[in-house]
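Q: model this:
(chains A and B)
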Protein chains: 2
Amino acid sequence: MGASPTPRIPMPELLPALSQRRARRAFEPRPVQPDLLNLLWQAISVAPSHGNTQSARILLAESAEVHDRLVAALSPGNSHWAGAAPHLFALVALPAHETPQENSDGTLRDMWPFNAGIAIGNLMAQATFMGLTAHPMAGFDEPAVRAVFGAPPSVRVLTVVAVGYPGSPDSLPEDLAAKETMPQERLPLERILAVDRWDPVLEVSAREWRKQQQPA
Amino acid sequence: MGASPTPRIPMPELLPALSQRRARRAFEPRPVQPDLLNLLWQAISVAPSHGNTQSARILLAESAEVHDRLVAALSPGNSHWAGAAPHLFALVALPAHETPQENSDGTLRDMWPFNAGIAIGNLMAQATFMGLTAHPMAGFDEPAVRAVFGAPPSVRVLTVVAVGYPGSPDSLPEDLAAKETMPQERLPLERILAVDRWDPVLEVSAREWRKQQQPA
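A: Residues are numbered from 1 along each chain as shown, chains lettered A, B, ... in the order given. Model prediction:
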């Protein structure tokens, strides 16, 4: 019960909340306890944003009607599995809350999509830490998601996220079930990191690299 | 030494790697051990991206010359503290590696800034877990950062990040030293979360809300 903080001993390992994350598609039907859902929102809340603009917002589908309408706003590749997740929410942003960063050549940089990404990174780490799956989706129709919640056109939708306890891959169609346990393919570090000088090897996309790995 | 995984008991607390993160500006001068830096890059590597596009890249300043040129590419508000960080890197993205998501109204959604944000969220969690500070900055000149590393114009710079062990606030100018220990101001959850239906209270910006909190 003392006030001494946890000792900050560097651990030479990847944080399990990051290394154990998987974008699973199979969910148990049971809902997540409200206090755990609340911690997911807290994880978004504590995420940093430049100038502390906090432009991200969470639109949670709770009623069966809104849940179903949100599933219908997803791409076919997502709607056929995500509907089985007990919780779905949209992460949106309010670009008007920020002034874009200006470059010397007059071009601008919007920070709200990047800040929203940080927030979802936080949420996925918290979800993994609690034994949950949080699977963000890029395939959806943005005007349709706005319409589901009655959000104004000034609201930009970054992702729709399926949340729940991981379920059995057997609940999925065969092609998706296989994806649940496939090893995560990642570019080797030397293809994503350059020291002091740009390296053209960084321009090889993950898709091209995967092709190169396959026997001819 | 057994092969049994860590039990996944939901812990009703915010992951310390998220709750203990602070965007500190004071750094110890000592460098971070290479194996810990490597874990920061691993945290970026395991970050998810839609379709596993992995379009984020890390440009690390290692030589004194590149370090100094990168500091010079920062805004004045950042360059006067970030130069003291032992490590600086730029997180960049290759938008050409992605096909934008298309909406029913013909508008497009770029995912690369969002995916880069997830990657930096991962990196900050890993840094905090290891007792490090990783402080992403939005204030920099993008063409200047590209020039520092000789990166082509197709490369977009999302952030420059200062990394190191937290140092004493006494090493900072008085105004910045005070910021090190200020409580983190966050919008209450009911101002960032709406259930089933958009709520106009979500449109109040963090800046407006802070003003409302101050006594007239």
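
Q: so which residue is dead centre in chain A?
A: In chain A, the C-alpha nearest the mean C-alpha coordinate belongs to residue A:136, at 3.9 Å (Cα atoms, centre = their mean).

Q: tell me which element that one is part of?
A: In this structure, residue A:136 sits in strand A:133-137 according to DSSP states H and E.

Q: gap between that strand and the chain center?
A: Centroid displacement of strand A:133-137 relative to its chain, using Cα atoms, centre = their mean, to the nearest Å, is 6 Å.

Q: tell me the angle of the longest helix seen in chain A relative to strand A:133-137?
A: The residue-count maximum for a helix in chain A (DSSP state H) belongs to helix A:112-129. Helix A:112-129 runs at 160 degrees relative to strand A:133-137, counting by axes from the mean of the first three to the mean of the last three Cα atoms, to 10 degrees.

Q: restrict helix A:112-129 to CA atoms and write it as CSV.
A: Output of helix A:112-129 as CSV, limited to C-alpha atoms (Å, rounded to 0.1, in the frame of the first residue of the first chain):
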residue,chain,number,x,y,z
TRP,A,112,-6.5,15.0,-37.0
PRO,A,113,-6.2,11.6,-38.8
PHE,A,114,-2.7,11.0,-37.2
ASN,A,115,-4.1,11.9,-33.8
ALA,A,116,-7.0,9.6,-34.3
GLY,A,117,-4.6,6.9,-35.1
ILE,A,118,-2.7,7.4,-31.9
ALA,A,119,-6.0,7.1,-30.0
ILE,A,120,-6.9,3.8,-31.7
GLY,A,121,-3.4,2.5,-31.0
ASN,A,122,-4.0,3.3,-27.4
LEU,A,123,-7.4,1.6,-27.4
MET,A,124,-6.1,-1.6,-29.1
ALA,A,125,-3.3,-1.9,-26.5
GLN,A,126,-5.8,-1.5,-23.7
ALA,A,127,-8.1,-4.0,-25.3
THR,A,128,-5.3,-6.6,-25.7
PHE,A,129,-4.2,-6.0,-22.1
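
Q: hmm, back to that, can you tell me what sits against the helix or strand following the strand holding residue A:136?
A: Using DSSP H and E, the helix or strand that follows strand A:133-137 towards the C-terminus is helix A:142-149. Helix A:142-149 is contacted from outside by A:59, A:61, A:66, A:69-70, A:72-73, A:90, A:151-153, A:155-157, A:160, B:103-105, B:107, B:109, B:194, B:196-198, using Cβ atoms under 8 Å, 6 or more residues apart in numbering or on different chains. Where C-beta positions appear, they are placed from N, C-alpha and C, glycine not excepted.

Q: show me where pLDDT drops low in chain A?
A: A:1-11, A:216 (pLDDT under 70).

Q: okay, now the domains of it?
A: A:16-181, A:185-216 (automatic domain parsing).

Q: how far out from the middle of the chain is the longest one?
A: Translated: domain A:16-181. On Cα atoms, centre = their mean, the centre of domain A:16-181 falls 5 Å from the chain's centre.

Q: from the opening residue of it to its closing one, how far?
A: 17 Å (Cα to Cα, to the nearest Å).

Q: name the helices or strands packed onto the longest strand seen in chain A?
A: Longest strand in chain A by number of residues (criterion: DSSP state E): strand A:156-164. Applying 3 or more Cβ pairs under 8 Å, 6 or more residues apart in numbering or on different chains; DSSP states H and E, one finds that strand A:156-164 contacts helix A:76-82, strand A:87-93, helix A:112-129, strand A:133-137, helix A:142-149.

Q: determine the set of other helices and strands touching the longest helix of chain A.
A: Under the contact criterion of 3+ Cβ pairs under 8 Å, 6+ apart, helix A:112-129 touches helix A:16-19, helix A:34-45, strand A:56-61, strand A:87-93, strand A:133-137, strand A:156-164, helix B:16-19, helix B:112-129.

Q: run the last query once more with 6 Å
A: Secondary-structure packing of helix A:112-129 (3 or more Cβ pairs under 6 Å, 6 or more residues apart in numbering or on different chains; DSSP states H and E): helix A:16-19, helix A:34-45, strand A:87-93, strand A:133-137, helix B:112-129.

Q: which of these sits most buried?
A: Ranked by mean neighbour count, the helices and strands packed on helix A:112-129 are led by helix B:112-129 with a mean of 28 (mean count of other Cβ atoms under 10 Å in any protein chain shown).

Q: run through who's touching that one.
A: A:15, A:18, A:113-114, A:116-118, A:120-122, A:125, A:158, B:17, B:20-21, B:39-40, B:43-44, B:47, B:49, B:55-56, B:91, B:93, B:95, B:98, B:134, B:136, B:158 (Cβ atoms under 6 Å, 6 or more residues apart in numbering or on different chains).

Q: ok and it relative to strand A:56-61, angle-wise?
A: Using the same axes, to 10 degrees, helix B:112-129 lies at 100 degrees relative to strand A:56-61.

Q: returning to what we had before: quick one: which of the domains of chain A is nearest residue B:181?
A: The closest of these to residue B:181 is domain A:16-181. By Cβ to Cβ, the value is 15.5 Å.

Q: phi first, then psi, for the spatially closest residue to residue A:109 that is not a sequence neighbour.
A: Nearest non-adjacent residue to residue A:109, counting by Cβ to Cβ, 6 or more residues apart in numbering or on different chains: residue A:101, 4.3 Å away. Residue A:101 adopts backbone torsions of phi -80, psi 140, taken as degrees, to the nearest 10.

Q: residue A:101 contacts residue B:137, doesn't it?
A: No: using Cβ atoms under 6 Å, residue A:101 makes no contact with residue B:137, being 10.0 Å away.

Q: thanks a lot, see you next time.
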